[in-house]
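A.B. asks: here are the coordinates; sequence isn't available:
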């Protein structure tokens, strides 16, 4: 009888373990994004112009250089910060100066930001300056987008492709 | 400070162990088989993973579709295997975490045990990474969430030129190559973990890596039933053009993900770093007081190998004889691996208290408390020990508490481990009439603080392992109780019953009550 009760107890124990594992394997559910919202995601990695323009080396200067380091131009490595703005329906969601990465500041400036927005039609304006000028923007894209609930639109930037890309 | 943390945890584990002890035989008790269960889950994961891999396609759309095929079209085989893979992985995390906390609560992580602790921490991290890459491969909405949060978190490190989360920016940016990488990681990381598990066990002898058959069958059956009743399913295909709102998180693997995506990166990385450093430094917070390790006395060591065979931590090896005595080998203690449990002393055939003709020095001994000291303690505690039904109890510092015993007929000696007691002491106590009965007690069965103290003692008393208890010892005058810390009630009951049993026994004549016979026996014992 005791042995029977022990087996029954073991059965209950195994059932409890199975329920515990089965339950916490997926529940309770987690609301990771607010219901009834959509999302804009702005992300790019872009190398801006160098802080100083390259200077042309003379043939004498080139000759002085070790053979494996000879080049026509002398360029300082540091790049300028990228200035980026994002407006949605006239509201500025982002206005940031993105410093170049790298110890010498010669890498690309990078951004990865998410903005929850109401679903529906929106006017999105993205601007970017990557030159040495201190005013105005080198790239500007105005796009009317329609975001359904739960939809995600990514705004990328590729200078080669002409500027901002809405994906 | 640490003891304040350990004590309540130990209380919980003791109670859990005791509760499970009511329904499981001692060798099946899941709480005493956590490490072995971990291995068992690992093998289930491996076998089911190999099966599932045969049907898995690596591709942006193929991955999800192939898993859907397994789950729905071939639910009876690949679907069950997928569920087993999933639930066994969760089970692995549960037993690993319990194993960690239990070892901490039992103070089995400091001193020479730092090695197992640190390698265990690394294995735990690897198992988590392996599990997370597994979720990634399904490429459902949960996978999308896991991929994005993981890469966003990694992007807080200033080591990537371009944010790696950009790989999941939009559907057109994801490549099938990514799944090949995930498959590689999902196979390579568990293999590395397995190698580390081997390293993890290097400092223990005879590690228990397989659970008892009954327990294995029970666990397997429960996982199978769970897989059939509540199969693991995907959470809708991943779509990078959408943001999954509600996710069914696996709370065994992903409980920190909501924190990772909510708190600032420097804070989460800083926190992770602090936790990792804390985990890795716990064995030295504070460091365990190093007790003098076992010492070999070559003049008394005949190289019988019993101490090396019984050492639970591989701290003793047999080397070629170095002192010229006509024996093949000699025992050598590695101080960096010895925990000073004294089990080797209990195994040494020269550690007999009957020795009187020469000084009592055993072949291997603990300098802090030698066999001679132990004999002296026995004699001291039993002089005078008058009255009827006198019981001398040998216990250990980690088992049932022997303090505050109310019975006047009971006296006790506590040792580092009950395995430290050579069986000849039982004979000595009874034959010399120091007491009328002997009780051996200690940690609960299968849960010896020094791993094999209770097991070897049982085997020595049962005459199944050397040094064996002599046949002449009246078994009705010996009781053994493996009750653990929470077993004080059991001990009190045993002592009461044993007292009654001793009272009912006929008065026994000492087999060595004549001086001439005693001398003869001592000479025999000496040699």
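C.D. replies: The structure has been received and is ready for your questions. Just so we're clear, the structure is a prediction, and the values are computed from it rather than from any experiment.

A.B. asks: Is it correct that residue A:96 falls within a strand?
C.D. replies: Yes - judged by DSSP: H, G, I helix; E, B strand; the rest coil, residue A:96 forms part of a strand.

A.B. asks: Mind splitting the chain into its structural domains?
C.D. replies: I went with chain A, as the question did not name one. Each domain of chain A is listed here as a residue range: A:1-30, A:38-51+A:79-166, per automatic domain parsing.

A.B. asks: Chain B, not that one
C.D. replies: Split by automatic domain parsing, chain B gives B:2-284, B:295-513.

A.B. asks: burial measure for the residue of chain B found nearest chain A, as a count.
C.D. replies: Using Cβ to the nearest Cβ, the closest approach of chain B to chain A is made by residue B:23 at 3.1 Å. Backbone N, C-alpha and C define where each C-beta goes, glycine included. Neighbours of residue B:23 under the rule other Cβ atoms under 10 Å in any protein chain shown: 17.

A.B. asks: who touches it in this structure?
C.D. replies: Shown in contact with residue B:23 (Cβ atoms under 8 Å, 6 or more residues apart in numbering or on different chains): A:5-6, A:9-10, A:12-13.

A.B. asks: try residue B:445
C.D. replies: Contacts of residue B:445 (Cβ under 8 Å, 6+ apart): B:26-27, B:32, B:454, B:482.

A.B. asks: To which secondary structure element is it assigned?
C.D. replies: Using DSSP states H and E, residue B:445 is not contained in any helix or strand.

A.B. asks: Now it. Its backbone dihedrals?
C.D. replies: phi -60, psi 140 (degrees, to the nearest 10).

A.B. asks: ok, now residue A:129?
C.D. replies: phi -120, psi 130.

A.B. asks: From what I see, it and residue A:137 are in contact.
C.D. replies: Yes - counting by Cβ atoms under 8 Å, residue A:129 touches residue A:137, with 4.6 Å between them.

A.B. asks: Spit out the residues that contact the two alike.
C.D. replies: By Cβ under 8 Å, 6+ apart, the residues touching both residue A:129 and residue A:137 are residue A:83.

A.B. asks: average pLDDT across stretch B:272-289?
C.D. replies: Averaged across stretch B:272-289, pLDDT comes to 91.

A.B. asks: Mind listing residues that contact that stretch?
C.D. replies: Stretch B:272-289 has contacts (Cβ under 8 Å, 6+ apart) with B:2, B:104, B:107, B:109-111, B:113-114, B:117-118, B:121.

A.B. asks: ok, residue B:103 - contacts?
C.D. replies: Contacts of residue B:103 by Cβ under 8 Å, 6+ apart are B:109, B:113, B:116-117, B:120.

A.B. asks: so what's the backbone phi/psi at it?
C.D. replies: The phi and psi torsions at residue B:103 (degrees, to the nearest 10) take the values phi -60, psi -40.

A.B. asks: any idea how far the most centrally placed residue in chain A is from chain B?
C.D. replies: Against the mean C-alpha coordinate of chain A, by Cα atoms, centre = their mean, the closest residue is residue A:112 at 2.0 Å. Residue A:112 sits 4 Å away from chain B, going by Cβ to the nearest Cβ, to the nearest Å.

A.B. asks: What of residue A:141?
C.D. replies: Taking Cβ to the nearest Cβ, one finds residue A:141 at 16 Å from chain B.

A.B. asks: How about residue A:52?
C.D. replies: 22 Å.

A.B. asks: would you say that residue is within a strand?
C.D. replies: No - Residue A:52 sits outside any strand when classified using three-state DSSP, being coil.

A.B. asks: confidence score at the residue lying closest to it once chain neighbours are set aside?
C.D. replies: Among residues not flanking residue A:52 along the chain, residue A:76 sits closest, at 4.9 Å (Cβ to Cβ, 6 or more residues apart in numbering or on different chains). With respect to pLDDT, residue A:76 scores 84.

A.B. asks: In this model residue A:53 seems to touch residue A:76, though I could be wrong.
C.D. replies: No - the pair residue A:76 / residue A:53 is not scored as a contact, 9.1 Å apart, by Cβ under 8 Å.

A.B. asks: If you count surrounding residues, which of these two has more?
C.D. replies: residue A:76 (14 against 10).

A.B. asks: and that one, that's in a helix?
C.D. replies: No - if the criterion is three-state DSSP, then residue A:76 is coil and not within a helix.

A.B. asks: got the phi/psi numbers for it?
C.D. replies: Torsion angles, degrees, to the nearest 10, at residue A:76: phi -80, psi 150.

A.B. asks: For it, give its distance to residue B:318.
C.D. replies: 70 Å (Cβ to Cβ, to the nearest Å).

A.B. asks: Residue A:62 too?
C.D. replies: For residue A:62 relative to residue B:318 (Cβ to Cβ), the value is 74 Å.

A.B. asks: repeat for residue B:347
C.D. replies: Residue B:347 is 13 Å from residue B:318, by Cβ to Cβ.

A.B. asks: between the two, who's got more neighbours?
C.D. replies: Neighbours were counted for residue B:347 and for residue B:318 using other Cβ under 10 Å; residue B:347 has more, 30 against 16.

A.B. asks: per-residue confidence for that one?
C.D. replies: pLDDT, read off for residue B:347, is 96.

A.B. asks: Over to the one 4 residues further on?
C.D. replies: Residue B:351 is assigned 93 on the pLDDT scale.
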